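Engineer: the amino acid sequence is not available; the structure is as follows:
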């Protein structure tokens, strides 16, 4: 593995119709972001289970980013509210395991938000780099 | 768990393989648990590779496949088709995006791109290993459609639906049809009168025996789901029960109504909306008169009630600039010596509407640009409006205009009864309060409610032409369902573990589509999902306190195994450079490229050949020969050397 790959590992939950096309667009435009960013696409950000996020931390992801539909969600006008609740619930679980709640972040991304996505990844990577590896927090909690 | 998985990693020409070492990944994936076959292929979507995958599924009895290539948005249906043709359930296939979200995004770091691709494909294998064979339930679909709203969009859509053989019920709330176009007067660009256009459509509708038009009709209770909606319609106090397969909503819009005193509105009858002004122009002859007084100067104020950064309506209504300029030109055409001032923020006469703007400028109309922060001020003195405005194009010089009439160019707003329609049909409403489509570009007339479509200005500001186009798109979509007589909705829906569920109502509370209801099962109450109304959004799953709900295709096993796959350490060797030697003698090696290329190169040798000649020598179809020769040409293995003698084909030879 290259030394550069030591960059914070981020799991992104995107949405099939709104934010995932925006992430695709970043690639199409050859806008570069960290190769340590992995994406799972779902129908709606309000369908993310906290246990999936916790699983990511257990498996060594340094941060989880939720690329939400926000007001553009075609399923529910309360999508942001529901996703926020999921994050709050997960952050409680994170605190119990001594995982810094800053390791989870949400932003609304649209289907053409390529530059915005790259910018979010850059900023989140910086925050995570300052927090250090997830392994340090998980080992403390154990 | 699937135990006979096939993995296909695409070069996509060089779009992926220029950055990701797909050959190495192909070899590595062959060692993964459950993987029976792993190949790197030049173009996974090509006919020949699709046939190769089909053959592998049959011969090697694969129970799942992973295709690592481009975005799932592009070829999911292609490879689901491959699976179906080979007798495999299409949901036992997983698409892995190693192009848009890997090779292109990390083209600056090929080694890291390969490491990431390894994780992505591992995750895909893990996911497909947990995949389930999902079956769609075939639902009989009524060949009848309800079109709600008989404005121009609804009328045109009803006609098209009827011409395509559907029974159409056209439901109009008002006592007459035609909506806003009926009173729009002269239309751009045809020059026709709106009333004439509507009358012509009504004549055509009356000739159709399969359209039933109901005026003074309001929508009541709606139940059912795609293919079979049951609707109560109140027509002049009489209850009518309709059974339709789909619904097209074309309820249109309202014009923004200025507030009391907004730009002098309701403070003087000389301040009026553009719609009232158009009726004044329509009703005047010889000279433009208002209350017995001649009108010589008109001030149009744009963006009234729209583009309000701090107000309700933040959006641009798109058509009002054109409508105002069109009215101004109508005035010039009908009456002599009328001066017009256009107080605007931005002129948005897009497309051919720009011609109107040009014509208006040529006629001497004066355009004054203001800013939202410093809007014009309208004062009424002795019953006459005076306007003060800062002209942003002349260093904010303050101008005072003395106008006979002030015309407020108002934008579009959602209809006052749109919330009621939304509640009856469960159509989501967007931030702008108009009906929300699934995606403005990818699914512009579909709503998340299967079988409910939206068209025209009920989904956002549109001009007449755009409204009709979107309504016709809706009609075409609906016909694609009704003509088959049955539909097979995607089986990606919620499901409940009856053993765990203890009915707490939380899932039903968050479901926007009434898809969750309590039922009694084995002596206790549990949640039951109505699969025909469930959209598979998954909102119900995280709220379940006992994790009794999962969404098919997005199960805990599938998602968590993907996370595990991403996390697996990758042991990737640095990529070997392709050596520039070749057994065939050409300067560039064909090693690592498709076998058929080496066969073609061997057959061509030193000869100059056309594509049909190559096809004959290699014993492949002309189509396949064209595909491969073109790609070899792009990669610099083959070059075109002019036309053959009878000038029917190009000659090709190997590059040395």
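Structural biologist: Received it, and whenever you're ready, just let me know what you need. In this text the structure is predicted, and so the values were computed from the model without any measurement. Residues are numbered from 1 along each chain as shown, chains lettered A, B, ... in the order given.
Engineer: surely residue B:105 touches residue A:26?
Structural biologist: Yes: counting by Cβ atoms under 8 Å, residue A:26 is a contact partner of residue B:105 at 6.0 Å. Any C-beta I mention is one placed from the backbone N, CA and C, and that applies to glycine too.
Engineer: who touches both of the two?
Structural biologist: residue A:33 (Cβ atoms under 8 Å, 6 or more residues apart in numbering or on different chains).
Engineer: who's more crowded, the two?
Structural biologist: Taking neighbours as other Cβ atoms under 10 Å in any protein chain shown, residue B:105 and residue A:26 compare with residue B:105 leading, 31 against 22.
Engineer: what pLDDT does the more buried one get?
Structural biologist: pLDDT, residue B:105: 96.
Engineer: then residue B:422?
Structural biologist: 89.
Engineer: would you say it is within a strand?
Structural biologist: No: applying DSSP: H, G, I helix; E, B strand; the rest coil, one finds residue B:422 to be helix, outside a strand.
Engineer: what about it, neighbour count?
Structural biologist: Residues lying near residue B:422 (other Cβ under 10 Å) number 20.
Engineer: so who does it touch?
Structural biologist: With Cβ under 8 Å, 6+ apart, residue B:422 has these contacts: B:428, B:429, B:435.
Engineer: let's see that with 6 Å instead.
Structural biologist: By Cβ atoms under 6 Å, 6 or more residues apart in numbering or on different chains, the residues touching residue B:422 are residue B:429.
Engineer: what's the neighbour count on residue 87?
Structural biologist: As the question left the chain open, I've gone with chain A. 22.
Engineer: can you look at chain B instead?
Structural biologist: Neighbours of residue B:87 (other Cβ under 10 Å): 10.
Engineer: looking at this, it is in a helix?
Structural biologist: No: under three-state DSSP, residue B:87 sits outside any helix and is assigned coil.
Engineer: can you map out the strands along chain A?
Structural biologist: Taking DSSP state E as the criterion, chain A carries its strands at A:10-15, A:37-42, A:63-68, A:104-108.
Engineer: what would these look like in a markdown table with distance to chain B, mean pLDDT and mean neighbour count?
Structural biologist: Formatted as a markdown table, the strands of chain A follow (distance: least, Cβ to the nearest Cβ, whole Å; pLDDT from 0 to 100; neighbours: other Cβ atoms under 10 Å in any protein chain shown):
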| stretch | distance to chain B | mean pLDDT | mean neighbour count |
| --- | --- | --- | --- |
| strand A:10-15 | 7 | 97 | 26 |
| strand A:37-42 | 5 | 97 | 22 |
| strand A:63-68 | 10 | 96 | 26 |
| strand A:104-108 | 11 | 95 | 20 |
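Engineer: these: which one's closest to residue B:558?
Structural biologist: Residue B:558 sits nearest to strand A:37-42 of all the strands of chain A, at 9.6 Å, using Cβ to Cβ.
Engineer: how about residue 115, nearest residue that isn't a chain neighbour?
Structural biologist: Defaulting to chain A. residue A:31 (6.5 Å; Cβ to Cβ, 6 or more residues apart in numbering or on different chains).
Engineer: should've been chain B
Structural biologist: In space, residue B:115 is closest to residue B:570, 4.7 Å off (Cβ to Cβ, 6+ apart).
Engineer: re earlier: for residue B:162, find the nearest of the strands of chain A.
Structural biologist: strand A:10-15 (37.3 Å).
Engineer: between strand A:104-108 and the closest one, find me the angle.
Structural biologist: Relative orientation of strand A:10-15 and strand A:104-108, computed by axes from the mean of the first three to the mean of the last three Cα atoms, to 10 degrees: 40 degrees.
Engineer: same for strand A:10-15, what does it pack against?
Structural biologist: Applying 3 or more Cβ pairs under 6 Å, 6 or more residues apart in numbering or on different chains; DSSP states H and E, we find strand A:10-15 packed against strand A:37-42, strand A:63-68.
Engineer: how about the contacts made by the residue of chain A found nearest chain B?
Structural biologist: Minimum separation of chain A from chain B (Cβ to the nearest Cβ) falls at residue A:47, amounting to 2.4 Å. The neighbourhood of residue A:47, defined by Cβ under 6 Å, 6+ apart, consists of B:538, B:539, B:541.
Engineer: what's the distance between it and residue B:480?
Structural biologist: Taking Cβ to Cβ, to the nearest Å as the measure, residue A:47 falls 28 Å from residue B:480.
Engineer: before we move on, what about residue B:82?
Structural biologist: Counting by Cβ to Cβ, the gap from residue B:82 to residue B:480 is 22 Å.
Engineer: compare neighbour counts for those two and give me the winner.
Structural biologist: Neighbour count, other Cβ under 10 Å: between residue B:82 and residue B:480, residue B:82 has more, with 25 against 12.
Engineer: which of the contacts of residue A:47 sits closest to chain A?
Structural biologist: residue B:538 (2.4 Å).
Engineer: for the most centrally placed residue in chain A, which non-adjacent residue is spatially closest?
Structural biologist: Closest residue to the average C-alpha location of chain A: residue A:65 at 1.2 Å, with Cα atoms, centre = their mean. Excluding its sequence neighbours, the residue lying closest to residue A:65 (Cβ to Cβ, 6+ apart) is residue A:12, at 4.7 Å.
Engineer: now swap in residue B:598 and tell me
Structural biologist: The nearest residue in space to residue B:598 (Cβ to Cβ, 6+ apart) is residue B:590, at 5.0 Å.
Engineer: for that neighbour, give me its contacts.
Structural biologist: Remark: with contacts taken as Cβ under 6 Å, 6+ apart, residue B:590 is in contact with B:597, B:598, B:601.
Engineer: look up how far chain A lies from it.
Structural biologist: Noted for residue B:590: a distance of 28 Å to chain A, by Cβ to the nearest Cβ, to the nearest Å.
Engineer: can you pull the residues of chain B lying near chain A?
Structural biologist: Contact residues (Cβ under 6 Å from any Cβ of the partner chain) of chain B with chain A: B:71, B:100-101, B:104-109, B:111-113, B:116, B:428, B:431, B:436, B:438-439, B:448, B:512, B:536-539, B:541-542, B:554, B:559-560, B:562-563, B:566-567.
Engineer: got a ChimeraX select line for the buried ones in those residues?
Structural biologist: Of these, the buried ones go into a single ChimeraX selection, burial set by 16 or more other Cβ atoms under 10 Å in any protein chain shown:
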select /B:71,100,101,104,105,106,107,109,111,112,113,116,428,436,438,439,448,512,536,537,538,539,541,542,554,559,560,562,563,566,567
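Engineer: mind checking which of the residues of chain B next to chain A are in helices?
Structural biologist: Members of the residues of chain B next to chain A lying in helices (criterion: DSSP state H): B:111, B:112, B:113, B:116, B:541, B:542, B:559, B:560, B:562, B:563, B:566, B:567.
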